[in-house]
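# Got a predicted structure plus its sequence, pasted below:
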Amino acid sequence: MTEAIQRKLNDSAAARWTALVLIALAMFFAYMFVDVMSPLQSLIESERGWDSGVFGTYAASEYILNVCGFLILAGIILDKCGIRFTGILSTSLMVIGASIKYIGVSDWFQATAMCSWLDSWWTTLPGSAKMASFGFMVFGCGCEMAGITVSKAIAKWFKGKEMALAMGLEMAIARLGVFAVFSVSPKIATQFDNSVVAPIAFCTVLLIIGLINFIVFSVMDAKLDKQLGEANSDEPTEEFKVSDLGRIFSSKMFWIVALLCVLYYSAIFPFQRYATNYLEVTLHIEKEAAADLFRWFPILAMILTPVLGSFLDHKGKGATMLMLGSLIMIACHLSFAFLLPIYPNEWFALLIIVILGVSFSLVPAALWPSVPKIIDPVILGSAYSLIFWIQNIGLCFVPLIIGMTLKATGGYLVPMLIFASLGVLALILSFALKAFDKKKGFGLEEPNIKE
Ligand SMILES: NCCCC[C@H](NC(=O)[C@@H](N)CCCCN)C(=O)O
C-alpha cells in the first residue's frame, strides 16, 4: 500500500516512455524542419536565385541569435522557469520562425514591396533569403532551446533509470526526422509543380503538432511534480547564479567535451546541409536520387544510437567510443574528398554514407550522457546550454566557410578536406579526454548502471 502511494509517474515504464515519445516527436518534427531545404538546394537556386553562398548564409542563420547569446539566456530561462515553460516557449518559437520562413519563400511574398525593399540592400542576398533567414534565426532559437530542455527533461524523468538509452532513443527519433525529410521533401516539391514552398508548409504544420505534444507532456510533468509533493517544482530547486557559469567555464573537462562537440558536429550537420548537392555533382545524378542516397546516413545512426546508449549504460567505454567515432569520420570525409570523385559509383557512395552513420551513432551516444558525469547535477541545464552555445558557433560559421569555399573553388575537394581536418582535431581531443579521465577518474569509461 505504502509502495503504491510512493510510486511516482516516472516509475511507470509506460508513463516515462510515453513522456519520451511526446518530447522526442517534437524534436523529430524540429529536425525535419531544419533540413527541409537541404535536398532542394538546386531547386531554390533556380526558383529564387540562391547561389551556394546565399545557401551558406541561410544555413548559418539558424545559429546566429544562439551564438549572439540567446542560448546562454535559454539556459538561464530553463534553470529559472523550468522544463514546462521553456518547452512550450521553445516549441512556439519554432512555429513562429517556421511561419516567417514560409512567408519568405512564398510566391506571394516575392511580389510585395517589402521583398523589393529587402532586395535593394546587401544585394547578393535576395529578399526571399533575407526573410527566410530571419525566420530560420527565430526557429533556431526555439530548436536549440528545445534541445537543452529535452535533455534536462530526460535527465529528470529517467534519473537512476535507462538515461543513456532514453537519450539515444530521443536522438534516434530525431535522426528518423532527417531521413523522413530527405525522403519526402523532394517528392512534395515535385508533386507541387517543383515548389519549395509546399515542403516548408508541410513541415510547419508538423511543428504545430510538436507544440501540442509539448503541452501534453507538460500536463504529465505537472502531475509528476504533484506526486513528488512539490507543487512548484517546475521552479528550479536552486536559483541560477552567474558564478555557476564561472564554475562550468573553469572546468578543463567541460572545455574538452565542448570543443570536441563543436569540432565533431561542425563536420556533420554542415556536411549534411551540402551532402545532396555534393552527391548530385559528384555522381552526376538528379536531386531526388542524391537525397534518396543520403537519407540512409541518419537511418543507421537512428538504429545504432540507442543500441550504443544501452551499451554505455551497461558496459561503459564512453571515451573510447568518442575516439572511434572521430576516427571513422576522418576516413569517410577523406573518401568523399578523394575516392568518390575517382570512383563515382552510387553503391560506393552509399557505403561511405553508411559508415559515416556509424560514426554519427558512436559520438552522440557517448557524448551527451557523459556530461552528467563531469558536471554537478544542479548546473547541468546551464552546462548543456553552454555546450550547445559553443557548438552553435561552429555550426554557424562552418556552413558559411563551406559556402564561400565552394563558391571560390567551384568544387567539393577543399570543403571535404575542411570537414576531415575538423575530425582530426576532434580525434586529438578525444585522446586528451580519455587521458584526462584516466588521471582524474570521472568514470567516462565506466557503465552508468552498476550491475
Ligand atoms: N537532447 C539533445 C541532445 C543533443 C543532440 C544533438 N543535437 C545538437 O547537438 C544540437 N545542438 C544541434 C542540432 C542541429 C540541428 N539544429 C544531436 O546529436 O542531434
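Ah, there it is.
# Now do the helices in the stretch 51-200 of the chain.
Counting by DSSP state H, counting those that start in this stretch, one finds helices in the stretch 51-200 of the chain at the ranges 52-65, 71-105, 107-110, 113-119, 127-157, 163-191, 197-227.
# whoops, the stretch 251-400 of the chain was the one
Under DSSP H, counting those that start in this stretch, the stretch 251-400 of the chain gives helices at 252-266, 269-283, 287-294, 296-314, 318-334, 340-342, 346-374, 380-409.
# The fourth one: how far from the chain's middle?
Okay, so that is helix 296-314. In terms of Cα atoms, centre = their mean, to the nearest Å, the centre of helix 296-314 is set 15 Å apart from its chain centre.
# Same question for the fifth one.
For helix 318-334, the gap between its own C-alpha mean and the chain's C-alpha mean amounts to 18 Å (Cα atoms, centre = their mean).
# Which positions within it qualify as buried?
Going by neighbour count (16 or more other Cβ atoms under 10 Å), the buried part of helix 318-334 is 318-319, 321-330, 332-334. (Each C-beta comes from the backbone N, C-alpha and C, glycine too.)
# Ok, the shortest one next?
By 16+ other Cβ under 10 Å, the buried positions in helix 340-342 come out as 340-341.
# helices and strands around it, which ones?
Packing contacts for helix 340-342, counted by 3 or more Cβ pairs under 8 Å, 6 or more residues apart in numbering; DSSP states H and E, involve helix 269-283, helix 346-374.
# Just send the ones you listed back as JSON lines, with mean pLDDT too.
Listed next are these as JSON lines, based on pLDDT from 0 to 100:
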{"stretch": "helix 269-283", "mean pLDDT": "91"}
{"stretch": "helix 346-374", "mean pLDDT": "93"}
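# which stretch among these comes nearest Gly410?
Closest approach to Gly410 among these (Cβ to Cβ): helix 269-283, 9.9 Å.
# how near is Ala30 to Val181?
As judged by Cβ to Cβ, to the nearest Å, Ala30 and Val181 stand 11 Å apart.
# Hmm, I typed the wrong one, I wanted Tyr58.
To Val181, Tyr58 is 16 Å away according to Cβ to Cβ.
# now Met171
As judged by Cβ to Cβ, Met171 and Val181 stand 16 Å apart.
# between those two, who's got more neighbours?
Neighbour count, other Cβ atoms under 10 Å: between Met171 and Val181, Val181 has more, with 29 against 25.
# out of the helices of the stretch 51-200 of the chain, nearest to the ligand?
With Cβ to the nearest ligand atom, the closest approach to the ligand among the helices of the stretch 51-200 of the chain belongs to helix 127-157: 4.0 Å.
# Would the closest one count as contacting the ligand?
Yes. Judged by Cβ under 6 Å from any ligand atom, helix 127-157 comes into contact with the ligand through 143-144, 147, 150-151.
# Check pLDDT for those residues and point me to the minimum.
Within the residues of helix 127-157 next to the ligand, pLDDT reaches its minimum at Ser151, with 90.
# Could you pull up the residues touching that one?
167, 368, 384 (Cβ atoms under 8 Å, 6 or more residues apart in numbering).
# Excluding chain neighbours, give the residue nearest to Ile96 in space.
Nearest residue to Ile96, sequence neighbours excluded (Cβ to Cβ, 6 or more residues apart in numbering): Val138, at 5.7 Å.
# for the ligand, what are the nearby residues on the stretch 151-300 of the chain?
Residues of the stretch 151-300 of the chain lying close to the ligand (Cβ under 6 Å from any ligand atom) are 151, 170-171, 174, 265, 269.
# Return the distance of the closest residue to Val150 other than its chain neighbours relative to the ligand.
If the residues on either side of it in the chain are set aside, Val150 comes closest to Ile23, at 5.1 Å by Cβ to Cβ, 6+ apart. As judged by Cβ to the nearest ligand atom, to the nearest Å, Ile23 and the ligand stand 9 Å apart.
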